[in-house]
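A.B. asks: need a structure here:
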Amino acid sequence: MYVSLGMMVRNPEMTQEEFIEYWETVHAPLVRKLLDPMGLKQYTAMFPVHSTALYAGGLDYDAVVALGFETNEQLEAAMASPEFNCEERKASSARCFDLSRVKDMTVRASDALA
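C.D. replies: Predicted coordinates:
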């Protein structure tokens, strides 16, 4: 599986609780609706509960988000698609995230439990 990993920073106008609520009830359902038809296999957000970085001056991210597809070609096509890049999704992302601080990378995932 090929996964787009996003290290997400919340919009500074939102509390962490508001950020998680918005992601779970508005943003994630929208993204899933847009990407399911393109072969989305995984859509997971991980919100920090504990981190050693919290004790070493702070954690730079409010969530790690994973969008997984069977092939890298599917992932690239989905991310570049007009459906994913629609104004509604862009506005939702801008409401939820500090887009100037988001980092991402594509990885090939290997499930050690499979």
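
A.B. asks: For stretch 14-24, which residues meet the burial criterion?
C.D. replies: For stretch 14-24, a neighbour-count test (16 or more other CB atoms under 10 Å) marks 14, 19-20, 22-23 as buried. All C-beta spots, glycine's among them, are computed from the backbone N, C-alpha and C.

A.B. asks: what sits up against that stretch?
C.D. replies: 10-11, 45, 47, 62-63, 95-96 (CB atoms under 8 Å, 6 or more residues apart in numbering).

A.B. asks: Where helices are concerned, which of those count?
C.D. replies: Members of the contacts of stretch 14-24 lying in helices (criterion: DSSP state H): 95-96.

A.B. asks: ok, the contacts of stretch 14-24 vs Leu35, which is closest?
C.D. replies: Taking CB to CB as the measure, Leu35 lies nearest Ala45 of these, at 14.0 Å.

A.B. asks: And for the closest one, the neighbour number?
C.D. replies: For Ala45, the neighbour count with other CB atoms under 10 Å is 16.

A.B. asks: roughly how far apart are it and Ser93?
C.D. replies: 13 Å (CB to CB, to the nearest Å).

A.B. asks: What of Thr44?
C.D. replies: Computed as CB to CB, the Thr44 to Ser93 distance reads 17 Å.

A.B. asks: quick one, which of these two is more surrounded?
C.D. replies: For the pair Thr44 and Ser93, the greater number of neighbours falls to Ser93 (17 against 13), based on other CB under 10 Å.

A.B. asks: The more buried one contacts Asp104, correct?
C.D. replies: No. Counting by CB atoms under 8 Å, Ser93 does not reach Asp104; the two are 11.9 Å apart.

A.B. asks: list the contacts for Gly39?
C.D. replies: 69-70, 74, 78.

A.B. asks: at 10 Å instead, please
C.D. replies: Contacts for Gly39 were tallied using CB atoms under 10 Å, 6 or more residues apart in numbering; they are 68-71, 73-75, 77-78.

A.B. asks: Equivalent analysis for Glu83, please.
C.D. replies: Glu83 makes contact with 33-35, 37-38, 89, according to CB under 10 Å, 6+ apart.
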